[in-house]
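[1] Could you work out the structure for the sequence below:
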Amino acid sequence: QKLITEAIVYEDGDLLVVNKPAGVAVHGGSGMSHGVIEALRSARPDASELELVHRLDRETSGCLIVAKKRSALRDLHAQLREGTTGKRYLALVCGKWNLGTKRIELALDTGERRSGERHVAVRAHGKMAVSTFKPVQFFSNVATLMEVLIDTGKTHQIRVHAAYAGHPVAGDDKYGDREQNAALEAYGLHRMFLHAAAIEVRRPGSL
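    Residues are numbered from 1 along each chain as shown. Here you go, the predicted model:
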(Lines give C-alpha, C1' and ligand atoms only; values in the text may rest on other atoms or scores of the structure.)
Protein backbone atom coordinates (compact mmCIF):
# COMPACT_ATOMS: atom_id res chain seq x y z
CA GLN A 1 0.00 0.00 0.00
CA LYS A 2 2.77 2.44 0.94
CA LEU A 3 4.65 1.55 -2.24
CA ILE A 4 1.67 2.68 -4.32
CA THR A 5 0.70 5.81 -2.40
CA GLU A 6 4.31 7.02 -2.52
CA ALA A 7 4.29 6.48 -6.30
CA ILE A 8 1.54 9.07 -6.92
CA VAL A 9 3.13 11.72 -9.15
CA TYR A 10 0.10 13.91 -9.90
CA GLU A 11 -3.33 14.49 -8.40
CA ASP A 12 -6.23 16.92 -8.79
CA GLY A 13 -9.94 16.79 -8.06
CA ASP A 14 -10.70 14.45 -10.97
CA LEU A 15 -7.82 12.02 -11.22
CA LEU A 16 -4.46 10.87 -9.97
CA VAL A 17 -1.46 9.43 -11.79
CA VAL A 18 0.65 6.63 -10.33
CA ASN A 19 4.16 5.82 -11.49
CA LYS A 20 3.41 2.10 -11.32
CA PRO A 21 6.39 -0.05 -10.34
CA ALA A 22 7.29 -3.00 -12.57
CA GLY A 23 6.02 -6.31 -11.21
CA VAL A 24 2.89 -4.82 -9.63
CA ALA A 25 -0.48 -5.68 -11.18
CA VAL A 26 -3.00 -2.90 -11.80
CA HIS A 27 -5.69 -4.99 -10.10
CA GLY A 28 -6.01 -8.25 -8.19
CA GLY A 29 -6.45 -11.56 -10.00
CA SER A 30 -4.27 -14.03 -11.92
CA GLY A 31 -2.52 -15.07 -8.73
CA MET A 32 -2.35 -11.55 -7.29
CA SER A 33 -4.62 -10.80 -4.33
CA HIS A 34 -4.08 -7.05 -4.59
CA GLY A 35 -3.03 -4.56 -7.21
CA VAL A 36 -2.73 -0.81 -7.60
CA ILE A 37 -6.45 -0.08 -7.45
CA GLU A 38 -7.01 -2.23 -4.36
CA ALA A 39 -4.08 -0.55 -2.59
CA LEU A 40 -5.45 2.91 -3.38
CA ARG A 41 -8.95 2.02 -2.20
CA SER A 42 -7.52 0.62 1.01
CA ALA A 43 -5.44 3.75 1.58
CA ARG A 44 -8.39 6.02 0.88
CA PRO A 45 -11.54 4.40 2.29
CA ASP A 46 -13.52 7.62 1.84
CA ALA A 47 -12.81 7.73 -1.90
CA SER A 48 -15.58 5.39 -3.01
CA GLU A 49 -15.37 6.01 -6.75
CA LEU A 50 -11.71 5.25 -7.53
CA GLU A 51 -11.50 3.39 -10.85
CA LEU A 52 -8.75 2.49 -13.31
CA VAL A 53 -8.96 4.56 -16.49
CA HIS A 54 -6.71 2.17 -18.44
CA ARG A 55 -4.29 -0.68 -17.75
CA LEU A 56 -0.62 -1.53 -17.97
CA ASP A 57 0.91 -4.99 -18.10
CA ARG A 58 2.15 -6.23 -14.75
CA GLU A 59 5.80 -6.01 -15.83
CA THR A 60 5.40 -2.59 -17.47
CA SER A 61 6.23 0.41 -15.29
CA GLY A 62 5.06 3.99 -15.61
CA CYS A 63 2.10 6.34 -15.79
CA LEU A 64 -1.24 4.87 -14.80
CA ILE A 65 -4.33 7.09 -14.53
CA VAL A 66 -6.98 6.50 -11.87
CA ALA A 67 -10.26 8.45 -11.94
CA LYS A 68 -11.55 9.81 -8.65
CA LYS A 69 -15.18 10.18 -9.73
CA ARG A 70 -17.48 8.59 -12.29
CA SER A 71 -17.91 11.72 -14.40
CA ALA A 72 -14.13 11.91 -14.88
CA LEU A 73 -13.98 8.20 -15.69
CA ARG A 74 -16.60 8.59 -18.44
CA ASP A 75 -14.82 11.60 -19.92
CA LEU A 76 -11.40 9.93 -19.90
CA HIS A 77 -12.79 6.72 -21.40
CA ALA A 78 -14.31 8.81 -24.19
CA GLN A 79 -10.93 10.39 -24.88
CA LEU A 80 -9.32 6.95 -25.10
CA ARG A 81 -12.02 5.74 -27.53
CA GLU A 82 -11.65 8.84 -29.68
CA GLY A 83 -7.86 8.49 -29.79
CA THR A 84 -7.24 12.03 -28.51
CA THR A 85 -4.79 10.95 -25.80
CA GLY A 86 -1.02 10.99 -26.26
CA LYS A 87 0.94 7.96 -25.04
CA ARG A 88 4.73 7.87 -25.01
CA TYR A 89 6.75 4.84 -23.92
CA LEU A 90 10.42 4.05 -23.52
CA ALA A 91 11.50 0.55 -24.48
CA LEU A 92 14.85 -1.20 -24.55
CA VAL A 93 14.81 -3.62 -27.47
CA CYS A 94 17.23 -6.39 -28.28
CA GLY A 95 19.85 -5.81 -30.96
CA LYS A 96 20.81 -2.72 -32.94
CA TRP A 97 17.72 -1.10 -34.47
CA ASN A 98 18.66 -0.18 -38.04
CA LEU A 99 15.15 0.65 -39.23
CA GLY A 100 15.21 4.35 -38.40
CA THR A 101 11.95 5.91 -37.28
CA LYS A 102 9.37 3.29 -38.22
CA ARG A 103 5.57 3.37 -38.06
CA ILE A 104 4.17 -0.14 -37.65
CA GLU A 105 0.54 -0.78 -38.54
CA LEU A 106 -0.49 -4.37 -37.92
CA ALA A 107 -3.78 -5.99 -36.96
CA LEU A 108 -3.62 -7.87 -33.66
CA ASP A 109 -5.75 -10.75 -32.43
CA THR A 110 -6.06 -10.42 -28.66
CA GLY A 111 -8.37 -13.37 -28.11
CA GLU A 112 -5.86 -16.20 -28.45
CA ARG A 113 -5.04 -18.31 -25.37
CA ARG A 114 -2.01 -20.49 -24.78
CA SER A 115 -1.79 -22.59 -21.63
CA GLY A 116 -4.56 -20.46 -20.16
CA GLU A 117 -2.70 -17.19 -20.75
CA ARG A 118 -3.60 -14.47 -23.21
CA HIS A 119 -1.28 -14.42 -26.18
CA VAL A 120 -1.56 -11.66 -28.76
CA ALA A 121 -0.64 -12.42 -32.36
CA VAL A 122 -0.53 -10.60 -35.70
CA ARG A 123 -3.61 -11.71 -37.58
CA ALA A 124 -5.37 -10.25 -40.63
CA HIS A 125 -8.75 -10.57 -38.89
CA GLY A 126 -7.57 -8.73 -35.77
CA LYS A 127 -7.98 -5.08 -34.84
CA MET A 128 -5.53 -2.54 -36.26
CA ALA A 129 -2.83 -1.29 -33.91
CA VAL A 130 -0.41 1.54 -34.72
CA SER A 131 2.99 2.11 -33.07
CA THR A 132 5.80 4.48 -34.08
CA PHE A 133 9.31 3.47 -33.00
CA LYS A 134 12.18 5.98 -32.86
CA PRO A 135 15.72 5.05 -31.77
CA VAL A 136 17.10 7.18 -28.93
CA GLN A 137 20.38 5.52 -27.96
CA PHE A 138 22.37 2.54 -29.20
CA PHE A 139 24.22 0.17 -26.90
CA SER A 140 26.64 -1.32 -29.41
CA ASN A 141 24.90 -4.20 -31.18
CA VAL A 142 23.41 -5.47 -27.93
CA ALA A 143 20.35 -3.28 -27.45
CA THR A 144 18.66 -0.01 -28.47
CA LEU A 145 16.69 2.43 -26.35
CA MET A 146 13.53 3.39 -28.23
CA GLU A 147 10.84 6.03 -27.87
CA VAL A 148 7.49 4.54 -28.84
CA LEU A 149 4.33 6.52 -29.57
CA ILE A 150 1.09 4.59 -29.84
CA ASP A 151 -2.05 5.73 -31.63
CA THR A 152 -4.05 2.81 -30.26
CA GLY A 153 -4.08 0.94 -26.98
CA LYS A 154 -4.28 -2.75 -27.79
CA THR A 155 -3.14 -5.45 -25.37
CA HIS A 156 0.63 -6.13 -25.60
CA GLN A 157 0.76 -3.87 -28.66
CA ILE A 158 4.31 -2.56 -28.31
CA ARG A 159 5.68 -5.95 -27.31
CA VAL A 160 4.15 -7.73 -30.31
CA HIS A 161 5.07 -5.00 -32.80
CA ALA A 162 8.67 -4.90 -31.55
CA ALA A 163 9.01 -8.67 -31.81
CA TYR A 164 7.49 -8.63 -35.30
CA ALA A 165 10.12 -6.06 -36.34
CA GLY A 166 12.82 -8.47 -35.18
CA HIS A 167 13.75 -6.49 -32.07
CA PRO A 168 11.73 -7.80 -29.11
CA VAL A 169 11.54 -5.81 -25.90
CA ALA A 170 14.42 -6.76 -23.63
CA GLY A 171 13.38 -9.08 -20.82
CA ASP A 172 10.06 -9.99 -22.43
CA ASP A 173 9.55 -13.64 -21.54
CA LYS A 174 6.39 -14.01 -23.63
CA TYR A 175 7.28 -12.50 -27.02
CA GLY A 176 11.03 -12.12 -26.60
CA ASP A 177 14.09 -14.22 -27.29
CA ARG A 178 15.36 -16.41 -24.44
CA GLU A 179 18.99 -16.34 -25.54
CA GLN A 180 19.02 -12.56 -25.97
CA ASN A 181 17.32 -12.09 -22.62
CA ALA A 182 19.86 -14.35 -20.93
CA ALA A 183 22.70 -12.37 -22.50
CA LEU A 184 21.21 -9.08 -21.28
CA GLU A 185 20.95 -10.42 -17.74
CA ALA A 186 24.75 -10.26 -17.69
CA TYR A 187 24.35 -6.48 -17.91
CA GLY A 188 22.08 -6.44 -14.87
CA LEU A 189 18.76 -6.45 -16.71
CA HIS A 190 16.37 -8.70 -14.81
CA ARG A 191 12.99 -7.30 -15.84
CA MET A 192 11.08 -6.41 -18.97
CA PHE A 193 12.22 -2.93 -19.99
CA LEU A 194 9.02 -1.17 -21.03
CA HIS A 195 8.06 2.09 -19.35
CA ALA A 196 5.00 4.29 -19.87
CA ALA A 197 6.91 7.57 -19.74
CA ALA A 198 4.04 10.00 -20.35
CA ILE A 199 0.33 10.17 -21.08
CA GLU A 200 -1.49 13.30 -22.16
CA VAL A 201 -5.22 13.73 -21.58
CA ARG A 202 -7.60 16.66 -21.68
CA ARG A 203 -8.81 17.79 -18.28
CA PRO A 204 -12.20 16.12 -17.70
CA GLY A 205 -15.10 18.48 -18.35
CA SER A 206 -12.93 21.05 -20.15
CA LEU A 207 -14.97 20.81 -23.35
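[2] from here on, contacts and neighbour counts on C-alpha atoms
    Fine.
[3] Point out where this structure drops to low pLDDT.
    Segments of the chain classed as low confidence (criterion: pLDDT under 70) are 29-33, 115-116, 206-207.
[4] all strands of it, in order?
    Remark: strands of the chain, listed N- to C-terminal, are 8-11, 15-20, 51-52, 61-67, 86-94, 102-109, 113-114, 117-118, 121-122, 127-139, 143-150, 194-200; assignment by DSSP state E.
[5] Grab the longest helix from the protein for me.
    Under DSSP state H, the helix in the chain containing the largest number of residues is helix 70-82.
[6] That one to strand 61-67, inter-axis angle?
    Angle, helix 70-82 to strand 61-67, by axes from the mean of the first three to the mean of the last three C-alpha atoms, to 10 degrees: 130 degrees.
[7] Make 22 the first number, not 1, from now on.
    OK, 22 is where the count begins now, so the last one is helix 91-103.
[8] ok, the residue most central in space within the chain - contacts?
    Centroid-nearest residue in the chain, with C-alpha atoms, centre = their mean: Leu77, separated by 4.1 Å. Applying C-alpha atoms under 8 Å, 6 or more residues apart in numbering, one finds that Leu77 lies in contact with Ala46, Val47, Leu85.
[9] Make a markdown table out of those residues and add neighbour count and distance to Leu101.
    Rendered in a markdown table, the data for those read as follows (neighbours: other C-alpha atoms under 10 Å; distance: C-alpha to C-alpha, whole Å):
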| residue | neighbour count | distance to Leu101 |
| --- | --- | --- |
| Ala46 | 24 | 21 |
| Val47 | 22 | 18 |
| Leu85 | 23 | 13 |
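[10] rewinding a little: what sits up against the longest helix of the chain?
    Outside helix 91-103, the residues that touch it by C-alpha under 8 Å, 6+ apart are Asp35, Leu36, Glu70, Glu72, Val74, Ala88, Thr106, Val222, Arg223, Pro225, Gly226.
[11] Identify, from those, the entry nearest to Thr173.
    Ranked by distance to Thr173 (C-alpha to C-alpha), these are led by Thr106 at 9.3 Å.
[12] quick one, what contacts the closest one?
    Neighbouring residues of Thr106 by C-alpha under 8 Å, 6+ apart: Gln100, Ile220, Glu221, Val222, Arg223.
[13] Test of understanding: give the bridge partners of the second one.
    Here Ile220 shows beta-bridge partners Lys108, assigned using DSSP bridges.
[14] Give me the neighbour count for it.
    Using other C-alpha atoms under 10 Å as the criterion, Ile220 is surrounded by 15 other residues.
[15] Settle this for me: it is touching His75, isn't it.
    No. The pair Ile220 / His75 is not scored as a contact, 11.0 Å apart, by C-alpha atoms under 8 Å.
[16] any idea how far Leu205 is from Thr165?
    When distances are taken as C-alpha to C-alpha, to the nearest Å, Thr165 and Leu205 turn out to be 12 Å apart.
[17] So for these two, which sits in the more crowded spot?
    Taking neighbours as other C-alpha under 10 Å, Thr165 and Leu205 compare with Thr165 leading, 24 against 17.
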